[in-house]
Structures are given as C-alpha cells and as structure tokens.
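In: Output the structure for:
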Amino acid sequence: MNWKSYSPPCTLLILIIGLVLNFSCSPKISVGHVANGWSKNSVNTVIFRKHSLYTYKDHQYIGFYDNNRDVILGKRKIGTNTWELQRTQYKGNAADAHNSISLIVDTEGYLHISWDQHNSYLRYARSLEPESLDLGKEQPMIGTLEKVVTYPEFHALAEDMLFAYRSGESGNGDLILNKYSDDTGEWSRLQDNLIDGEGMRNAYWQLTTSRDGIIHISWVWRESADVASNHDLCYARSRDGGKSWERSNGTSYQLPITAATAEIIQPIPQGSELINQTSMTTTPTGEPMIVTYWKDSTDKAPQFKLISLSQGKWQTNSLGFRKMDFSLSGVGTKAIPISRPQVVASSSFAYIIFRDAERANRISVAHAPLNDLSKWRIKDLTENAYASWEPTLDPVQWERNQVLHVFLQNTVQIDGEGLSNTAPTAVKVLEWKPQD
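Out: Next comes the predicted model:
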C-alpha cells in the first residue's frame with residue numbers, strides 16, 4: 001500500500017531555497033490507501049460518524065462498509081500504512097446513507113461499534129478482547145428506548161464514555177444519552193430525554209467535550225421531515241458529566257430542554273438553507289465553537305459560518321467566499337454541492353475542513369487566527385475531487401498531536417436516498433499537520 005505525498009506548488013526559487021535551508025514551502029500532506037469500499041452513496045462519508053477513525057495507544061482503528069455491505073474493521077500502527085483488516089460477521093443496509101458506522105475504543109482497549117440504524121433498533125457490539133478486531137454478539141446497551149434509533153455517536157470523557165442517539169423520527173424525536181463506566185464495563189442511562197421534541201419537532205445536534213471535562217452541545221430544531229424546516233441554533237453545557245445542564249450564562253435548565261426553554265445563540269428562520277448536524281469544538285481555553293452553513297438576507301449563496309463564545313458573548317463570523325447558490329428542501333439524504341463542515345482549534349487558529357463544488361470538490365481547509373476570526377485563508381489539501389464526501393477525523397490524533405487524520409473516499413450520493421452506479425472506490429486516510 002503506497003503513500004501519496006505532495007506539497008502544494010511553489011516557485012522554483014522557493015523550492016531551491018527550501019532544499020538548501022532544509023524546510024519545505026508547505027507541510028507535507030500524505031494519503032494512505034486502506035482498501036476499497038462501498039461508494040454508491042455517502043454512507044461511509046457522512047459527517048455524523050463519531051467516529052470513523054480512532055487512536056488507542058499506538059494503533060489507529062477504522063470502520064467502513066465494503067461493496068458487499070459487510071462491516072469492515074481495521075487497525076494499523078501509527079506511522080505505518082500496513083492495515084490489518086477484518087470482515088466482521090455483520091452487515092448493514094448501506095443503501096441508506098443514515099446507516100453509518102461509528103466506533104470508539106475505551107480506556108481498557110475494547111473496541112465498541114454501532115451501525116446500520118435509521119429509525120430502527122439499536123445495533124451495538126464490542127470486541128471480545130482488548131485491542132482486538134473480533135467482535136462479540138450484538139447486544140442491547142440499556143434495553144429501553146432502543147427500538148427507533150438513528151445517529152449513534154460515541155464520545156470520550158476523561159474517564160468513561162458517552163453514547164448519544166435520536167429516539168424517534170425526523171421532526172418528531174428526542175435526544176438520548178447513555179454513559180459507559182470503565183470500572184464496571186457496563187452502560188447506564190444518563191438522560192432518557194435530554195432535548196425533547198414534544199412530538200412536534202426534533203433536535204439535530206453536534207456534541208463535544210473540552211479539556212476541563214465540560215460537555216458542550218448545540219443543535220438546530222426541525223419541524224418536519226423536510227430539511228427546509230431547520231431553524232435556530234441553540235446551546236447547552238454540562239459541568240457534571242451530563243447529569244445537569246445550563247445555558248452559556250450559567251442559568252440552569254429544567255430537563256428536558258424544549259423549544260420554549262432552549263437558549264437560542266443564533267436566530268435563523270426556517271427556509272434559510274440551514275443545514276443540520278455539522279460539528280463543534282472548543283478552544284484550548286474551553287470556549288465552544290460551532291461551524292455550520294446557512295443563507296441570511298444579505299448572502300447571495302449559503303455561507304460557512306463560525307459561531308463562537310468569547311468573554312461571555314456569542315459572535316458569528318461568515319467565511320463569505322461562496323458564490324454558488326443552492327437550495328435545501330425535501331427529505332432523505334441530499335446531494336449537496338458542499339459538505340457539512342468540520343471544525344478544530346489549535347492554540348492559535350481555528351480550522352474548518354470542507355468540500356465545495358466551487359473548488360472542484362477538492363478537500364479544503366480554511367483557517368483564521370483565534371484573535372481575529374474575520375481573516376480566513378483557504379487551501380486545498382487534495383488535487384482530486386471527492387464528490388459527496390464529508391469530513392470525519394480521528395479526535396485523538398488532533399488532541400494529542402495537532403495532526404488531522406481524515407477519512408477519505410470518493411462517494412456519490414443521489415438526491416433523496418438514491419443510489420449511484422459507482423464501482424467500489426479506495427478508502428484512504430489523509431494526514432496533514434498545520435503549521436500555525
């Protein structure tokens with residue numbers, strides 16, 4: 001399995017100077033091949049995979065569907081591109097792009113995966129031994145509220161883990177939180193209904209944890225199955241591992257959170273081309289940052305926007321570079337000319353990873369200094385196009401080394417949960433270390 005490495009173009013003079021002084025004009029980008037995978041839709045490359053890649057100790061783990069719709073797991077030693085791959089005993093309905101695979105490794109080295117869920121029963125399994133790819137039997141987590149599950153997500157805490165999912169349907173669902181104990185090796189219910197759709201709507205969320213142990217969650221409301229009914233960006237945080245929740249000003253929520261009680265940090269009306277399920281992170285000092293896109297009254301096209309909390313006040317910064325207009329409406333997984341964006345932060349910069357048809361569907365990154373989020377610069381990380389790809393990354397590699405390890409595959413999504421005739425394409429891992 002070969003590495004493909006390149007640095008963005010430089011003038012000959014700069015290259016010569018760089019060689020003489022032993023530096024390159026730009027950090028090297030490496031793309032390593034894993035195997036071929038299912039590509040008839042975007043099920044392997046949707047943004048809500050938490051996670052597609054995950055590092056434990058000195059090994060990185062990966063999961064994806066192959067062309068037979070089998071769940072494939074793999075691991076490699078960091079710094080190599082030799083993958084140990086295993087076809088598990090499990091399949092999934094890969095024809096529905098909601099049915100993605102999410103994985104994590106606990107502090108004892110056990111691999112946990114959840115997959116193949118769209119308004120259906122929970123599918124969950126864990127490895128038989130630490131650092132093994134051999135999975136045990138499917139099993140329930142708690143045994144209740146596990147019949148109508150979508151969007152499974154794992155999140156690591158300093159100790160223990162969280163598992164979030166929607167119980168119910170689009171436009172009519174609730175957010176459930178489970179907690180895994182490293183000590184007992186068992187799951188327990190943390191919140192039966194953290195965010196309540198009240199039978200009339202549901203929250204589409206993004207969640208992150210900060211170094212100080214605070215859990216941050218933000219979401220948009222959807223009033224029906226139609227994506228055009230997305231509206232308003234809201235926020236909550238927990239300082240006690242998810243038991244109690246508060247607004248950004250410190251006032252407590254009475255649970256469950258509802259549309260009437262939610263803190264709206266950015267009012268956005270329905271019909272604003274507002275996307276759901278993007279990403280959020282925190283700065284090294286713990287301030288939350290959320291990235292998404294919508295089209296406001298002054299925009300000629302939907303724009304990527306970063307919403308951040310600084311000194312107790314929320315601010316919104318638009319990247320503002322997009323010119324290609326489009327409209328979001330309808331149900332099912334959409335074919336959209338831009339990806340949902342992913343955000344990470346270093347000690348000095350915010351980085352937004354995305355794909356945009358305006359940039360020939362290359363993988364791109366925008367970055368701006370944390371002390372001035374109006375100054376964005378953009379670069380492409382790939383030369384090739386990735387038609388329906390959305391960014392997912394290894395959170396451990398970013399937290400530990402400030403290196404982006406990104407799941408990469410060219411997939412083709414047909415609008416409204418359709419299937420393309422695309423042959424299997426290469427699953428890869430892109431690595432890039434920004435130079436602040």
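
In: For the stretch 251-400 of the chain, which segments count as helices?
Out: Using DSSP state H, counting those that start in this stretch, the helices of the stretch 251-400 of the chain run over residues 395-401.

In: so where's the protein shaky on pLDDT?
Out: For the chain, the stretches flagged by pLDDT under 70 are 1-27, 332, 436.

In: Repeat the analysis, applying 90 as the threshold.
Out: Applying pLDDT under 90 to the chain flags the ranges 1-28, 158-159, 169-173, 211-212, 225, 329-335, 414-418, 435-436.

In: End to end on stretch 303-316, go ahead and measure it.
Out: Length of stretch 303-316, first residue to last, CA to CA, to the nearest Å: 12 Å.

In: For it, buried residues please.
Out: 303-309, 314, 316 (16 or more other CB atoms under 10 Å). To be clear about C-beta, it is placed using only N, CA and C from the backbone, and glycine gets the same treatment.

In: wait, what's in contact with V149?
Out: By CB atoms under 8 Å, 6 or more residues apart in numbering, the residues touching V149 are 117, 119-122, 165-167.

In: let's go with 10 Å and repeat that
Out: 114, 116-124, 141, 165-168, 173, 176 (CB atoms under 10 Å, 6 or more residues apart in numbering).

In: cool, and F163?
Out: Contacts of F163 by CB under 10 Å, 6+ apart are 50, 102, 104, 112, 114, 122, 124, 141-142, 152-155, 176-180, 187, 190.

In: Equivalent analysis for H112, please.
Out: Contacts of H112 (CB under 10 Å, 6+ apart): 54, 102-106, 124-127, 135, 141, 154, 161, 163, 180, 187.

In: PyMOL command to pick out the buried ones of those residues?
Out: Applied in PyMOL, the following selects the buried portion of the contacts of H112 according to 16+ other CB under 10 Å:
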select buried, resi 54+102+103+104+105+106+124+125+126+127+135+141+154+161+163+180+187
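
In: before we move on, the earlier item: quick one: which of the buried residues of stretch 303-316 is nearest V403?
Out: L306 (21.5 Å; CB to CB).

In: And the closest one, how far from F349?
Out: 12 Å (CB to CB, to the nearest Å).

In: For the two, list the residues in contact with both.
Out: Jointly contacting L306 and F349 under the rule CB under 10 Å, 6+ apart are 368, 373.

In: Now do the same contact list for the closest residue to T258 other than its chain neighbours.
Out: Of all residues not flanking T258 in the chain, D196 sits nearest, at 5.2 Å (CB to CB, 6 or more residues apart in numbering). When contacts are counted by CB under 10 Å, 6+ apart, D196 touches 173-175, 202-203, 255-259, 261-262.

In: Just these: which are in strands?
Out: 173-175, 202-203 (DSSP state E).

In: which of the residues you listed tops the neighbour count?
Out: Of all the ones in strands among the contacts of D196, the highest neighbour tally under other CB atoms under 10 Å goes to N202, namely 29 neighbours.

In: Enumerate the beta-bridge partners assigned to it.
Out: Beta bridges link N202 to R222, judged by DSSP bridges.

In: again with A236
Out: I217.

In: That one is in contact with Q206, isn't it?
Out: No - taking CB atoms under 10 Å as the definition, A236 is not a contact partner of Q206, at 11.9 Å.

In: anything in contact with each of those two?
Out: With CB under 10 Å, 6+ apart as the test, A236 and Q206 both reach 216-219.

In: and which of those residues is nearest to V344?
Out: Among these, and counting by CB to CB, the member closest to V344 is H216, at 14.0 Å.

In: what's around that closest one, how many residues?
Out: 23.

In: For it, which residues are in contact?
Out: So H216 contacts 206-210, 235-238, 248, 280-282, 286-290, 309 (CB under 10 Å, 6+ apart).

In: ok, now with 6 Å
Out: Neighbouring residues of H216 by CB atoms under 6 Å, 6 or more residues apart in numbering: 208, 237, 288.

In: can you pull out the strands in the stretch 301-436 of the chain?
Out: Ranges of strands in the stretch 301-436 of the chain, per DSSP state E, counting those that start in this stretch, are 303-310, 313-318, 342-345, 349-355, 363-369, 377-380, 404-408, 413-414, 418-419, 425-432.

In: Just the buried positions in the last one, please.
Out: Within strand 425-432, the residues scored as buried using 16+ other CB under 10 Å are 425, 427-432.

In: ok, of the residues you listed, which one's closest to F326?
Out: Scanning the buried residues of strand 425-432 for proximity to F326, where the rule is CB to CB, the winner is T425, at 24.3 Å.

In: The closest one reaches V412, doesn't it?
Out: No - in terms of CB atoms under 6 Å, T425 does not count as a neighbour of V412; the distance is 8.8 Å.

In: Would you mind confirming that K428 makes contact with I29?
Out: No - contact criterion CB under 6 Å: K428 and I29 do not qualify, at 11.6 Å.

In: So what's the residue count around the closest residue to T209 other than its chain neighbours?
Out: In this structure, T209 finds its nearest non-sequential neighbour in I215, 5.3 Å apart by CB to CB, 6+ apart. Under the neighbour criterion other CB under 10 Å, I215 is assigned a count of 21.

In: I215 and L177: what is the separation?
Out: As judged by CB to CB, I215 and L177 stand 9 Å apart.

In: show me the residues around the closest residue to L404 other than its chain neighbours that make contact.
Out: Using CB to CB, 6+ apart and skipping residues adjacent in sequence, the residue nearest L404 is W432, 4.8 Å away. Taking CB under 6 Å, 6+ apart, we find W432 in contact with 29, 381, 404.

In: For the first one, which residues are in contact?
Out: Taking CB under 6 Å, 6+ apart as the definition of contact, the neighbours of I29 are 381, 432.
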